[in-house]
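In: A structural model of the following input is requested.
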Amino acid sequence: MAGKHLRTLLPAPPGPKPSHPNPERGQASNSSTISNAPNTMHQRSDGKSTSNPSLQVNNPQTVASRSHSVESANLTQNMAYEGPGKEYVMNAWVDDCPKSAKHALGIFCFTCRSQPMAWLPGDIPVVTDDHGQAVTIGPEMSMVEGVHLDNNEAVAVLSIVVSLDVFSRRYTDIEGFVNILGRHPKSVEAGQRIADVYHDLRRRALHPRDSHPEFHEIVYAALLDPFLRADQYELNVMNTFVPLPKTSEEVEAAKERDLDSFQDPDDDLLMTSRPALSSTKYNRPGPRTEGGDWQFVEGTDITLAVLGQAEPHKFFLIREKKSDSEVQDLREYPGWKGFDWHSVDDIAALNKHRQQIKYRMGSSIAPPRPLWTEQEKDTLKKLVKEDLDSGKTRRTIDWDNVAARLRAAFEGIIQRKGMPLAQPSILVNGVWAFPGKQAKLKEDREGPVRRNGTGIKAQSIKYHDIRALLGEGRTDRNTRKRGRESDEVGDAQEDEDLEAAADLARDGVDDIGDDVSPTMSNERNQGKKKVEKRSTEDMPSRAPKRPRKSPPPGPNGLNLTT
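Out: Next up is the predicted model:
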């Protein structure tokens with residue numbers, strides 16, 4: 001991502017310059033509707049304003065005269081003001097507008113065809129990159145992608161579209177606005193994208209203390225940082241939300257995790273850990289080292305054979321040493337003579353042979369799956385949102401159909417080298433987190449990637465925004481906690497030690513059989529070390545004791561009486 005220097009203002013392009021208001025006009029009012037209500041001005045019939053309610057007369061003739069006077073005054077004031085034509089819209093504070101008293105931030109006025117925004121009075125904020133060049137077109141994958149940021153009309157269309165979508169107004173409500181939209185299609189897409197961000201944040205603010213930004217504030221933030229993506233902005237805002245209370249299931253799961261990490265404070269009941277045993281003491285083979293210095297020659301086909309497709313080159317696998325590429329070796333399938341490519345048994349035997357060689361080499365059994373790009377992930381989010389809007393749920397979505405539509409969306413599309421890859425997000429201590437550095441596409445990718453519905457379904461929940469659409473709320477059930485893995489390993493080792501000690505105490509050394517560890521068995525057989533018999537008083541048993549064996553009958557055993 002290019003470096004950004006914010007709040008650098010460049011002169012705006014030439015055009016009609018709207019008048020600016022007084023400084024105190026910059027505060028937004030609490031109005032939540034577009035100001036198109038008629039001007040209500042109460043005057044007396046003699047033209048003087050009325051402030052005392054006692055002066056109002058309920059005489060019908062007086063009321064009619066007063067109404068006629070108000071209509072005449074409004075008509076005179078509207079006739080005196082000439083607004084811009086229907087081919088213009090702008091971001092401005094217009095003081096001479098008859099409805100100027102009702103102007104507010106982000107609210108479009110139908111009279112003066114203007115919309116006040118946060119950067120007024122002043123020009124549109126322009127951001128420069130590391131080379132000092134102004135960012136005039138919104139970067140790819142950002143909230144303002146493709147928008148001409150140096151064009152007043154393009155920015156005005158963006159902000160007005162956001163306002164209309166937020167208040168569920170039609171674009172045809174503004175006379176001539178549809179023709180203006182045709183000149184700035186990217187501004188329309190960006191405005192709809194920002195409106196979706198506003199609605200998503202509003203729906204996710206479930207706590208009374210959660211505050212989400214207004215739509216005009218999101219527009220201003222997108223102009224100050226044109227590289228900002230929609231998911232990044234949502235994540236930054238959601239991290240300020242109050243965590244939701246845990247459900248009863250999550251509370252029980254937390255209790256179980258706490259019990260697993262419990263440490264006995266009584267030193268007498270703690271057993272010292274035994275040293276780690278090597279493979280030789282266990283009488284087991286060590287790890288495979290055959291593939292350590294070997295690799296397959298570049299271009300070797302390591303895919304599986306397919307029934308009905310004759311591919312004789314798959315009878316051979318060529319490998320070379322990593323340390324010396326001149327040392328090469330050829331692995332040949334011994335059953336290649338008389339091989340039938342249409343036989344299920346022959347294909348299975350060949351694939352088993354190839355899999356065994358690849359396993360011993362330590363290489364990948366299959367070629368790595370292509371990583372998801374940001375563009376593919378955003379397209380998947382759009383397809384999932386379309387299914388949910390059509391009435392489907394996360395349980396009824398046809399993921400195979402989603403996979404087919406995803407492939408169709410990238411037919412003939414070339415994703416260039418250097419495009420950002422999608423970043424999976426995880427919960428760490430209740431906060432969404434991304435990897436430290438965003439990876440990029442290493443080579444051009446042409447056309448769609450073949451992915452099935454099951455894989456797409458599993459991948460979709462790795463992205464927090466798609467997971468939220470599917471109904472997976474913000475929960476700590478799957479939250480990772482740092483330092484947890486080492487604690488679990490230590491607890492598991494301690495449990496094994498205690499169980500082994502209990503077995504020794506229960507059975508005694510004389511009854512030790514195959515259940516004893518191989519180390520103690522070898523030492524007893526070789527006679528190198530004498531094992532001491534331990535009593536149950538030294539180490540308490542956690543299991544019920546076995547009943548003692550009855551002594552044999554006879555003079556040395558029980559006294560039998562008749």
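
In: what is the rounded mean pLDDT of the helix or strand hosting I456?
Out: Using DSSP states H and E, I456 sits in helix 453-460. Mean pLDDT, helix 453-460: 91.

In: any idea how far F316 is from L224?
Out: 61 Å (Cβ to Cβ, to the nearest Å). Where you see a C-beta, it was placed from the backbone N, CA and C, and this is true even at glycine.

In: If you count surrounding residues, which of these two has more?
Out: Between L224 and F316, L224 has the larger neighbour count (other Cβ atoms under 10 Å), namely 16 against 13.

In: Just to check, the more buried one is in contact with V126?
Out: No. Judged on Cβ atoms under 8 Å, L224 makes no contact with V126 at a distance of 9.9 Å.

In: mind listing what I413 touches?
Out: The contact partners of I413, by Cβ atoms under 8 Å, 6 or more residues apart in numbering, come to 446-448.

In: which of the residues you listed are buried?
Out: Neighbour-count burial within the contacts of I413 applies to P448; the criterion is 16 or more other Cβ atoms under 10 Å.

In: one step back: packing partners of the helix holding I456?
Out: Contacts defined by 3 or more Cβ pairs under 8 Å, 6 or more residues apart in numbering; DSSP states H and E place helix 453-460 against helix 374-389, helix 399-409.

In: Tabulate the CA atom coordinates of that helix in PDB.
Out: The C-alpha trace of helix 453-460 is given here as PDB (Å, rounded to 0.1, in the frame of the first residue of the first chain):
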ATOM      1  CA  GLY A 453     -18.900 -25.900  -3.000                       C
ATOM      2  CA  THR A 454     -17.600 -27.600   0.100                       C
ATOM      3  CA  GLY A 455     -14.300 -25.900  -0.100                       C
ATOM      4  CA  ILE A 456     -15.900 -22.500  -0.600                       C
ATOM      5  CA  LYS A 457     -18.200 -23.000   2.400                       C
ATOM      6  CA  ALA A 458     -15.300 -23.900   4.600                       C
ATOM      7  CA  GLN A 459     -13.300 -20.900   3.300                       C
ATOM      8  CA  SER A 460     -16.100 -18.400   3.800                       C
END
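
In: related to what we said a few turns ago, quick one: which of the contacts of I413 is nearest G191?
Out: Nearest to G191, judged by Cβ to Cβ, of the contacts of I413 is P448 at 28.9 Å.

In: helix/strand/coil for that closest one?
Out: The three-state label for P448, taken from DSSP: H, G, I helix; E, B strand; the rest coil, comes out as coil.

In: Please enumerate the strands of the stretch 101-250 of the chain.
Out: Using DSSP state E, counting those that start in this stretch, the strands of the stretch 101-250 of the chain run over 125-128.

In: where in it is pLDDT low?
Out: The stretch 101-250 of the chain contains residues with pLDDT under 70 at 246-248, 250.

In: circling back: can you give the contact residues for the helix holding I456?
Out: Under the criterion Cβ under 8 Å, 6+ apart, residues 369, 372, 380, 384, 397-403, 406, 451, 466-467, 470 lie in contact with helix 453-460.

In: Quick check on these: which are buried?
Out: 372, 380, 384, 397, 399, 402-403, 406, 451, 466-467, 470.

In: Out of those, which is nearest to Q192?
Out: V384 (16.9 Å).

In: Test my guess that A205 contacts L244.
Out: No. Using Cβ under 8 Å, A205 makes no contact with L244, being 11.2 Å away.
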